[in-house]
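*Asks:* Model the following, please.
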Amino acid sequence: MSRSVFGIDFGTGNIKIFNGITRTTLNEKDIIAIKDKNQLFEIGDEAYKMYEKAPDNIKVIFPIKYGVIADLKSMKMLFEQFYKKLTGPRGSKMGRFCIAVPADITEVEKRAFYDVVSKSDIKAREIKIVEKPIADAVGLGIDMSSAQGNMIVNIGADTTEISVISLGGIVVSRIIKLGGNKLDQLICDVVKRKYNIYIGLKTAEQIKCKLSDAMYDEEEDEDDDMLYVFGRNVITGLPSERGVTKDTVYEAIKQFFDDIIESIKTLLERTPPELSADIIDTGIFLTGGSALIKNLDKLIARETDLKVNTVANPGESVIRGISMIVSDSKYKKLTYEPRESSF
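*Replies:* Residues are numbered from 1 along each chain as shown. A predicted model of the protein is given here:
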């Protein structure tokens with residue numbers, strides 16, 4: 001297979017592009033800053049530094065919302081810039097591309113991901129798509145020719161995709177609008193309610209990474225159960241510092257975990273009995289960036305009575321799978337071209 005191949009995971013929070021020529025992967029924030037309505041100002045991690053800080057004439061945009069493209073023009077511009085960053089100004093413009101898309105979305109929404117590449121300045125020789133749970137499974141090392149059932153729970157930035165796969169296909173799948181960004185918003189809300197402090201989503205993310213625990217035990221005596229953060233006082237309007245405790249964070253996010261577990265149980269109820277028996281043996285595979293939340297695997301295992309498998313760098317399992325798919329012809333049958341959109 002040609003080395004001039006590229007794999008793409010357009011995530012809500014991060015975009016990941018695998019370069020088959022150099023065998024490297026670009027992983028940056030999926031965000032773009034536009035100045036004066038139409039002038040490209042910054043992209044990726046540099047644009048994220050401006051998030052919640054930019055003046056009115058600079059719009060900082062996440063082109064993907066809840067796993068689907070919300071701003072096709074911005075996403076196409078962002079992809080072109082990332083591609084140039086990855087390959088250089090004289091990089092190949094005749095490569096083959098494979099794009100991961102969520103399974104439980106419409107054909108029109110899937111086609112939008114295809115159009116980001118097909119309508120860009122890069123003259124792709126071939127564009128295929130693969131559903132994310134399939135790429136996830138390949139990245140996890142699951143045998144795609146086996147009839148054994150496997151459940152994958154991918155907790156991303158805006159959505160959680162729960163799927164059961166067998167024989168290289170998806171048997172049942174469900175996307176719910178719960179992800180790491182929802183946790184950030186819940187933390188913002190509880191800090192405002194309990195401490196009378198407005199904090200930004202980036203500060204809430206820091207709190208989440210430091211203090212979130214899916215099985216918080218108030219009897220545990222930990223030295224790092226508080227984090228001091230800065231925000232704006234609700235009453236005075238002045239900058240203020242406040243210590244946020246781990247029990248407060250748990251109060252905010254507990255319902256989130258309950259909803260995730262309830263959705264897993266619902267999909268298990270829809271799973272054919274023979275595959276359910278397989279899942280007892282193989283367990284649940286937990287992937288996505290939010291899979292790193294402390295003790296989440298233990299909570300899911302306790303509530304479902306199933307083994308939960310965690311992996312290194314769970315946020316990159318999809319792009320690992322795509323890199324294998326574009327590099328090995330035996331996986332070609334897992335990809336396809338989407339149908340033409342109706343508009």
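*Asks:* Let's test this: mean pLDDT of stretch 225-232, rounded?
*Replies:* Computed over stretch 225-232, the mean pLDDT rounds to 93.
*Asks:* Tell me how many other residues surround the nearest residue to residue 265 once chain neighbours are set aside.
*Replies:* Spatial nearest neighbour of residue 265, chain neighbours left out: residue 304 (6.7 Å); criterion: CB to CB, 6 or more residues apart in numbering. C-beta here means a position set from N, CA and C on the backbone, and glycine is covered the same way. Around residue 304 there are 17 other residues, counting by other CB atoms under 10 Å.
*Asks:* same check, this time on residue 180
*Replies:* With other CB under 10 Å as criterion, residue 180 counts 26.
*Asks:* was I right about it contacting residue 154?
*Replies:* No - contact criterion CB atoms under 8 Å: residue 180 and residue 154 do not qualify, at 11.7 Å.
*Asks:* what is residue 198 paired to in the beta sheet?
*Replies:* residue 232 (DSSP bridges).
*Asks:* can you give me the strands in the stretch 151-300 of the chain?
*Replies:* Secondary structure of the stretch 151-300 of the chain by DSSP state E, counting those that start in this stretch: the strands cover 160-166, 169-176, 197-198, 226-233, 239-245, 284-287.
*Asks:* Can you list the low-confidence ranges for the stretch 51-200 of the chain?
*Replies:* Residue ranges of the stretch 51-200 of the chain with pLDDT under 70: 89-93.
*Asks:* switch the cut-off to 80
*Replies:* Applying pLDDT under 80 to the stretch 51-200 of the chain picks out residues 88-94.
*Asks:* Which parts of it are helices?
*Replies:* Using DSSP state H, counting those that start in this stretch, the helices of the stretch 51-200 of the chain run over residues 72-87, 107-118, 132-139, 180-195.
*Asks:* Now these in CSV, please, with extra columns for distance to residue 215.
*Replies:* Formatted as CSV, the helices of the stretch 51-200 of the chain follow (distance: least, CB to CB, whole Å):
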stretch, distance to residue 215
helix 72-87, 37
helix 107-118, 35
helix 132-139, 25
helix 180-195, 15
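*Asks:* Pick the most deeply packed of those.
*Replies:* Highest mean neighbour count among the helices of the stretch 51-200 of the chain (mean count of other CB atoms under 10 Å): helix 132-139, with a mean of 28.
*Asks:* Show me what that helix is packed against.
*Replies:* If you count contacts as 3 or more CB pairs under 8 Å, 6 or more residues apart in numbering; DSSP states H and E, helix 132-139 packs onto strand 96-101, strand 150-155, strand 160-166, strand 169-176, strand 284-287, helix 317-327.
*Asks:* List the beta-bridge partners for the nearest residue to residue 20 once chain neighbours are set aside.
*Replies:* In space, and not counting its chain neighbours, residue 20 is closest to residue 5: 3.8 Å by CB to CB, 6+ apart. Here residue 5 sits in beta bridges with residue 96, going by DSSP bridges.
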